[in-house]
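A.B. asks: Here's a sequence, model it:
(2 chains)
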Amino acid sequence: MRGFFKTRLTPHLSINIIGRLKKMGLVIFFLLATVCVASVLAMIITRNQAYSALYIVLAFAALGGLFGLLDAPFVAAVQIIIYAGAIMVLFIFVIMLVNLEKGLPPERKKWAGVLAAVLAVVLLAELLLAVQGTLFELGRTGGGTIGRPVTLGRLLFTEYLYPFEITSILIVAALVGAIVLAKKERPTE
Amino acid sequence: MIPVSYFFVLSLVLFVLGIAAFFIRRDLITMFLAVEVMLNAANLAFVSLARSAGSTAGQVIVFFIITVAAAEAAVGLAIILLVFRQKKSIKAEDMNLMKG
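C.D. replies: Predicted coordinates:
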């Protein structure tokens, strides 16, 4: 991309376009971050479970875009395919199965929600205080070759081979557990 | 380009929103969704710190977190189904059989 601009266009124009692309990244970041936070807030506010699940799908898709901005294209694809796709479909299936005729029960007392919100704000302030020293040493995105699928796959099958195999056992255990739990008891003949 | 600290702060905000959602909503499925939000906030923190450290290992961890989240979702949703069959309700307050 850079080479293309340098060879075909005048240097001044190429710098201009790259600068504009950099600004564009910031705009995309704020757009995706707003979508993400707003849809999580909407998930908290809405009274319909199916809508909450769909808002979360939107939030996770936006999060996938953020991973893309962080030079993690493969993680971004996995996030959208596995999380926003597979796991959320599981949720929506269960929401359809758990069909509440009377609708959702009324919420707990109001002061509990207010208390939770206040405590959440306090926790956020605390976390920000805890990381404020390191926040400015984190650098910027772009450059380097991290996050390429080749590098990821190699790490996964060399250095992280044991964790990888152990997670496959975990998945099998979870599958068997879920089937045994959700199976309807059948009277034995 | 974009400072990594923005992503990190966003991950903190998402995590806190997940905790708030967990305590504000009282039905099991939405509480479960809140847990997923928290897991994803952790994922975002891992990916942003991987970018900051210039190492891919942080992104490998994300795969493990997604796998664990999938396993957790399968088992948790099966438990929710079971609770619903027995109690015809998915309110967290109705799960009080262990109360003395």
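
A.B. asks: Report the residue spans of chain A with pLDDT below the cut-off.
C.D. replies: Under the criterion of pLDDT under 70, the regions of chain A flagged as low confidence span A:1-19, A:21-22, A:100-109, A:187-189.

A.B. asks: I meant chain B, not that one.
C.D. replies: Counting by pLDDT under 70, chain B contains low-confidence ranges at B:100.

A.B. asks: Run a quick neighbour tally on the nearest residue to B:T67 once chain neighbours are set aside.
C.D. replies: Ranked by C-beta to C-beta, 6 or more residues apart in numbering or on different chains and with sequence neighbours excluded, the top spatial neighbour of B:T67 is A:T167, at 4.5 Å. For every residue, glycine as well, the C-beta is placed using N, CA and C. Applying other C-beta atoms under 10 Å in any protein chain shown, we find 18 other residues in the vicinity of A:T167.

A.B. asks: before we move on, what about B:A69?
C.D. replies: B:A69 has 21 neighbouring residues, counting by other C-beta under 10 Å.

A.B. asks: Name the helix or strand for the residue lying closest to it once chain neighbours are set aside, please.
C.D. replies: Distances taken as C-beta to C-beta, 6+ apart put B:L39 closest to B:A69, at 5.0 Å, once the chain neighbours are dropped. B:L39 is located in helix B:28-53, with elements delineated by DSSP states H and E.

A.B. asks: tell me what that helix is packed against?
C.D. replies: Packing contacts for helix B:28-53, counted by 3 or more C-beta pairs under 8 Å, 6 or more residues apart in numbering or on different chains; DSSP states H and E, involve helix A:11-45, helix A:49-69, helix A:88-97, helix B:4-24, helix B:57-87.

A.B. asks: Please name the residues that touch the residue nearest to B:T67.
C.D. replies: With contact taken as C-beta atoms under 8 Å, 6 or more residues apart in numbering or on different chains, A:T167 is in contact with B:F64, B:T67, B:V68.

A.B. asks: now those: which count as buried?
C.D. replies: When neighbours are counted using 16 or more other C-beta atoms under 10 Å in any protein chain shown, those contain these buried positions: B:F64, B:T67.

A.B. asks: any idea which of the contacts of A:T167 is the one closest to chain A?
C.D. replies: The nearest member of the contacts of A:T167 to chain A, counting by C-beta to the nearest C-beta, is B:T67 at 4.5 Å.

A.B. asks: ok, that closest one touching A:L170?
C.D. replies: Yes. If you go by C-beta atoms under 8 Å, B:T67 and A:L170 touch, sitting 6.9 Å apart.

A.B. asks: list the buried ones in stretch A:148-167?
C.D. replies: Neighbour counts over stretch A:148-167 (16+ other C-beta under 10 Å) mark A:R148, A:T151, A:L152, A:L155, A:L156, A:Y160, A:F164, A:T167 as buried.

A.B. asks: What number of residues are in the vicinity of the spatially closest residue to A:G142 that is not a sequence neighbour?
C.D. replies: With C-beta to C-beta, 6+ apart as the measure, B:M1 is the residue that lies nearest to A:G142, at 3.8 Å, once sequence neighbours are left out. B:M1 has 16 neighbouring residues, counting by other C-beta under 10 Å.

A.B. asks: Likewise for B:L10?
C.D. replies: Per other C-beta under 10 Å, the neighbour tally for B:L10 reads 22.

A.B. asks: Can you tell me the closest non-neighbouring residue to it?
C.D. replies: Leaving out its chain neighbours, the residue that sits closest to B:L10 by C-beta to C-beta, 6+ apart is A:A33, at 5.1 Å.

A.B. asks: Contact partners for that neighbour?
C.D. replies: Taking C-beta under 8 Å, 6+ apart as the test, what A:A33 contacts is A:A62, A:L66, B:Y6, B:L10.

A.B. asks: next one: A:L175
C.D. replies: Contacts were defined as C-beta under 8 Å, 6+ apart; by that measure A:L175 touches B:A74.

A.B. asks: got it, and B:N40?
C.D. replies: With the criterion set at C-beta under 8 Å, 6+ apart, B:N40 makes contact with A:A59, A:F60, A:L63, A:Y83, B:L14.

A.B. asks: Out of the residues you listed, grab the one that's most surrounded.
C.D. replies: Tallying neighbours with other C-beta under 10 Å puts A:L63 at the head of the contacts of B:N40, with 30 neighbours.
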